[in-house]
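J.: Show me how the following folds:
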Amino acid sequence: MAGAIFDAILVHMMNTLAPASWMDLREDMCEKLNRKKNDRSVDILQTTYKAVDVQFLQVFPCLCGVSTSMRELRKRRRRRRRRRRRMW
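T.: Residues are numbered from 1 along each chain as shown. You can find the predicted model right below:
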């Protein structure tokens, strides 16, 4: 119940302060934080932690999609390596 009240206060505040632009801001935030979360997490792991030999990812509901994405990425990399080996 408290979460719903808090959300209602935020919506009212945004409707009062920025009625013309807050939906665009909300859409942009949802796009970056929710819809592309797995892609962004994989990107961070590939760039920021590129030189790390071992990565321990704690299992949270928000990381389940990331672990799936990481498995898919690992499979693709293995396939590429196998193809390269066959070429030689």
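J.: ok now stretch 11-21, how far from the chain's centre?
T.: Computed by Cα atoms, centre = their mean, to the nearest Å, the chain-centroid distance of stretch 11-21 equals 27 Å.
J.: What of stretch 24-38?
T.: Its chain's average C-alpha position is 9 Å from that of stretch 24-38, according to Cα atoms, centre = their mean.
J.: how long is it from one end to the other?
T.: 22 Å (Cα to Cα, to the nearest Å).
J.: ok, and for it, which residues are buried?
T.: 37-38 (16 or more other Cβ atoms under 10 Å). In this view, the C-beta of every residue, glycine as well, is placed from N, C-alpha and C.
J.: what mean pLDDT would you report for stretch 12-19?
T.: For stretch 12-19, the mean per-residue pLDDT is 86.
J.: So what touches that stretch?
T.: 22, 25-26 (Cβ atoms under 8 Å, 6 or more residues apart in numbering).
J.: In helices, which of the residues you listed appear?
T.: 22, 25-26 (DSSP state H).
J.: Domain-wise, how is this protein divided?
T.: Annotated domains of the chain cover 1-35, 38-88 [automatic domain parsing].
J.: and these, which one is worst for confidence?
T.: domain 38-88 - the lowest mean pLDDT of these, at a mean of 73.
J.: Measure how far that domain is from the centre of its chain, please.
T.: Relative to its parent chain, domain 38-88 has a centroid offset of 14 Å by Cα atoms, centre = their mean.
J.: Just want to check the distance between the residue nearest the centre of the chain and residue 1.
T.: The chain has residue 37 as the residue nearest its centroid, 1.4 Å off, counting by Cα atoms, centre = their mean. Distance of residue 37 to residue 1, given as Cβ to Cβ, to the nearest Å: 27 Å.
J.: circling back to that earlier point, output the contacts of stretch 12-19 in TSV; the columns should cover distance to residue 42.
T.: Below are those laid out as TSV (distance: Cβ to Cβ, whole Å):
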residue	distance to residue 42
22	30
25	25
26	25
